[in-house]
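Asks: sequence plus predicted model, see below.
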Amino acid sequence: MTRASLERVEARPGDPVMSAALVAEHGLSPEEWEQILGFMGREPTFTELGVFSAMWSEHCGYKNSRPLLRTLPTESAAVVQGPGENAGVIDVGGGWGVAFKIESHNHPSAVEPYQGAATGSGGILRDVFTMGARPIAIFDSLHFGSLDSPQSRYLFDGVVRGVGDYGNCVGVPTVGGEAIFDPAYERNPLINVMCIGVLPLERLIRGEAEGVGNPVMAVGARTGRDGIHGATFASEELDEEAVDSRPQVQVGDPFTEKLLLEASLELIERDLLVGIQDMGAAGLTSSGTEMAARSGSGIDIDVAYLPVREEGMTPYEMLLSESQERMLLVAKPEHEGAVREVLERWDLQAATIGQVTDDGMFRVREDGVVRVEIPVKPLVDDCPTYVREGVMSPAVAEARSADLGAYASFESDREVDAALRTLLDAPSIASRRWIYEQYDTTVQTNTLEGPGSDAAVLRLPAEGRALAASTDGNGRHTWLDPRTGGRAAVAEAARNVACSGARPLAVTNCLNFGSPLRPEVYFQLAGAVEGMGEACRALGTPVTGGNVSLYNETGGQPVYPTPVIGMLGVVEDLERRVPSAFQREGDEVWVAGVTRDEIGGSEYLAACHGLVAGLPPAVELEAAAALIDFLVEGAADGAFASAHDGSDGGLAVALAECAVRATGGPLGCTVDLGAAPAGANVSAAARWFGESHSRVVLTCRPGEGERIAAHGRRHGVPVARIGTVDGPDSPCRLTGAGHAIAPPAAELARIYEEAIPRRMSEEAGITS
Amino acid sequence: MTVGMKVGIVRFPGSNCDADVYRAVTEGLGESATYLWHKSTDLEGVDVVVLPGGFSYGDYLRAGAIARFSPIMGEVIDFARSGGLTLGICNGFQVLCEAHLLPGALVRNRNLRFRCHDVGLRVENAGTPFTSAYAEGDLLHIPIAHGEGQFVGEASTLDELEAEDRVVLRYVARRGRATDAANPNGSARNIAGIVNAEGNILGLMPHPERHSLSVLGNTDGLGVFQSLLAAVAGGRGRRSDPAPPEAAEFAAGAVAGAGVSS
């Protein structure tokens, strides 16, 4: 829709003169500038240029990812709200819904880890409670450089404190996530936070601005100069001057967040609102325009009424500020007084800054003088998109074709024993206790299985049901083969959820990649999204929303392409949920799924040989789907005492984890890895430490193995008994491929538990 | 048997364990509970006042430092001073110390980090209205979740607490010994919970309300609420007074918020 201004738009005295350089500084290309001139029918004002800059950034406009994301499945019987809202919503039965979404805060955390992570948590919490859902859980998927680096330890420590302090204060438990350490993330850590909330489905509310004349209100913290152009900042590469960008990082106030949470839920429960949205990335600009766009309406605001933190702020600054803990809401006109009363009771500031119109314009005034008048639709929906050419980088091609023959066998039993210890000591595998003990994991009294389990399991308000969730991704695998990596993230997350006995239902995704302008990065992005879509279709778990974070690189070096999947599932009967660790001495140990000759991209190669090479393990979608059905039905039947994903670190590591994580303290086991179902010509290394997908370590009560076998037959999942759980003083006796080791379980537990604390001890030092 | 106990749970704006206490009392114990808004001055005739965990007013200054000046606290202090059963959990314990209803103070954890995990506790005194459902020496597993839970006090204060049997709960290892390793926050003498000299005010850092529901697999904390019920049934403590009319009107704006399943 192209039309000239309805009202006289006046540039502000003192505004910079429009120039090619100024346009470029705003991250807009000459072609994009031409497009803007085209549908504005005039040259935009400086303030309008700022609005375009934010809305047409990758962060808000998805320029480079939208054509790819369009290929993802988004619908199923369970999906109530798909992509495009503050958060996705699924139906979990009994009239209850679950709202969830994942979001990145990578660049702010690289610059200021504590506040970056804290405000990341704050933003995603708001996305969930603005759907009318009470947040019940937070997950954090974290990727850092090696813990041998002081810089990485500093970032890791700050991020964990930031995530913890925010969630702990608001009173939402952080119950799961992942922490991966690899030099590829040294200067550009990935901080992805997922929030899950519950709501009675009839209370679902959306970010809409409907009804001409309805009051538009700004609520919460005052607007300051912090975070101006954060969305644009998030859409650029980090360079050496990034630390000078600290003013673009906002400061979080979880107390105000808690007030906003309670007040918002009360406003929604009492049906006083038309729509509500977080003022997140690109602040007032994105919230105002997106709400209007969803309703096909317009919005007319005067920034003179916006509560500000400091004098002399320009409309440009007020529109682009990303000050935290602010919301935009549209009230039902007859309830404006009641809305104010509720907000006052929670000591929250509220100001009516404008109203809804029907002229399709985003109009911003300064004391009545119009500074911005942009048609909403093109601004929000017509951000130019780009489909680029992708090519595999020569470095990846070389790594993929490396000959791994030299690493396929072991010289001695001692080498096997040492490799197992090295893997349990690897921070990407070791116990995350150091992290999660800094998080409140039990507030709200819903936590049935917390961190340390394959999936966190939380009770739902719907009687007898529980929610299981997990976040997963594998950057190394995705680097070696993007399509496989995309599939793997979905398959592993689904497997983790199904191990707890839950049927996987839907996902939210966070795509962390380098600059899409690089053909080798675009190749990764396109491949990963393709693989993700294939797996989501095969497993019946559509995408309900998410976040794209591109330009994750420093000094011209992109991070590993890292798609992170947040998967949700439902356990019909919470009493039938399945824990992940060994339960009792004497239980039978089984493996479901086939071990293949796959050691490419493994943690074994990386931790024991310093090598990232080969092809990552393949994800056969039919096998992945069959395993999910096997796990869900077996759990409902009570066939399993425990179930643990067998991929990360391989079967030997999975067995050791089952042993050391046993609730009452480590338990030993006697297991023959050679008895596990396997393909042809499987090397010794692959049997012990290969990361083949669609494998699970199971246990059952003595003599009840036939039930596992029966479920395996029914679903075409190869299963085999491989051993027995032993007592607390027994070693982990593992044999296979001509090797035998028997490290004491207590010793493995000590290695596993001390890996991260040892590296984060005071002696190791943390420096900025 | 319907003896009936009405528990008042104070709701500061940043309280976040209020709904958990509500569930422990209503679902776990089957008794009634009500929220008391921090701006109110009406204790609504409750038998027991609970100051729940959370970050009362954000606690950027010092945990509990501002909460003690809130309108409801004037009533709570009167109630507690005149013998009303008052329980402060975590942040509530901090508020009780700030209000000088309990001696000592709670400072940042020894390792300067927030900590959340189950701790071992030994019941040191089963003769209080908060612990009568337990036996002396009972070992409990109950979660902590705090950044400022290190109990400190003058040596003379600590000696007095010990001498008067006012240390009610202590952090202990698996076999019941009060070791340094079992002390999660560096508290003096492994102290996890204390009562006032009259025995009607208990402050503790661990969260008994989080282990009060059988669905979660552990009900070690329910005894605290069972003890309170027994005390109320036995006539221990006093019932709070209803507020004068004008104050009641002011309190009418108070919201009875709800947990996810209530």
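Replies: Right, received. Where do you want to start?
Asks: who in chain B is up against chain A?
Replies: B:13-14, B:16-17, B:19-20, B:23-24, B:39, B:53-55, B:57-60, B:113-117, B:143, B:145, B:147, B:207, B:209-210, B:212-213, B:215-217, B:253, B:255, B:257, B:259-261 (C-beta under 8 Å from any C-beta of the partner chain). Quick note: C-beta positions are derived from backbone N, CA and C, even for glycine.
Asks: which among the residues you listed end up buried?
Replies: B:13-14, B:16-17, B:19-20, B:23-24, B:39, B:53-55, B:57-59, B:113-116, B:143, B:145, B:147, B:207, B:209-210, B:212-213, B:216, B:257, B:259-261 (16 or more other C-beta atoms under 10 Å in any protein chain shown).
Asks: what about these, which are in helices?
Replies: B:19-20, B:23 (DSSP state H).
Asks: contacting residues for residue 118?
Replies: Just going to use chain A. A:162-163, A:165-166, A:252, A:254 (C-beta atoms under 8 Å, 6 or more residues apart in numbering or on different chains).
Asks: that was the other one, I meant chain B.
Replies: B:141-144.
Asks: mind checking which helix or strand it is in?
Replies: Assigned by DSSP states H and E, residue B:118 belongs to strand B:115-123.
Asks: paired strands for that strand, with orientation please.
Replies: strand B:139-146 (antiparallel), strand B:167-171 (antiparallel) (DSSP bridges).
Asks: what mean pLDDT does the shortest one have?
Replies: If you average the pLDDT over strand B:167-171, you get 98.
Asks: do the same with stretch A:575-595
Replies: 98.
Asks: how about stretch A:58-67?
Replies: 88.
Asks: buried sites along that stretch?
Replies: Buried residues in stretch A:58-67, counting neighbours by 16+ other C-beta under 10 Å, are found at A:58-66.
Asks: return the member of those residues nearest to chain B.
Replies: Using C-beta to the nearest C-beta, residue A:59 comes nearest to chain B of those, at 29.4 Å.
Asks: endpoints of stretch B:170-181, how far apart?
Replies: From its first residue to its last, stretch B:170-181 covers 13 Å (C-alpha to C-alpha, to the nearest Å).
Asks: which residues touch residue A:26?
Replies: Per C-beta under 8 Å, 6+ apart, neighbours of residue A:26: A:49-50, A:52-53, A:232.
Asks: who's the closest spatial neighbour of the residue of chain A found nearest chain B, skipping the chain neighbours?
Replies: Proximity of chain A to chain B (C-beta to the nearest C-beta) peaks at residue A:171, 2.4 Å away. Nearest residue to residue A:171, sequence neighbours excluded (C-beta to C-beta, 6 or more residues apart in numbering or on different chains): residue B:16, at 2.4 Å.
Asks: kindly report the same for residue B:229.
Replies: That would be residue B:5: by C-beta to C-beta, 6+ apart, it lies 4.9 Å from residue B:229.
Asks: from residue A:313, how far off is the one you found?
Replies: As judged by C-beta to C-beta, to the nearest Å, residue B:5 and residue A:313 stand 54 Å apart.
Asks: these two - which one has more neighbours?
Replies: residue B:5 (22 against 18; other C-beta atoms under 10 Å in any protein chain shown).
Asks: which residues sit in contact with residue A:167?
Replies: Remark: with contacts taken as C-beta under 8 Å, 6+ apart, residue A:167 is in contact with A:121, A:138, A:173-174, A:254, A:439-440.
Asks: those residues also near chain B: which ones?
Replies: A:254, A:439-440.
Asks: low-confidence ranges, the chain, go.
Replies: Defaulting to chain A. Low-confidence regions of chain A, defined by pLDDT under 70, span residues A:1-6, A:229-248, A:762-768.
Asks: hmm, no, I was thinking of chain B.
Replies: In chain B, residues with pLDDT under 70: B:1-3, B:61, B:243-262.
Asks: quickly note the distance from the closest residue to chain A within it to residue A:722.
Replies: The nearest approach of chain B to chain A comes at residue B:16, 2.4 Å away (C-beta to the nearest C-beta). Distance of residue B:16 to residue A:722, computed by C-beta to C-beta: 45 Å.
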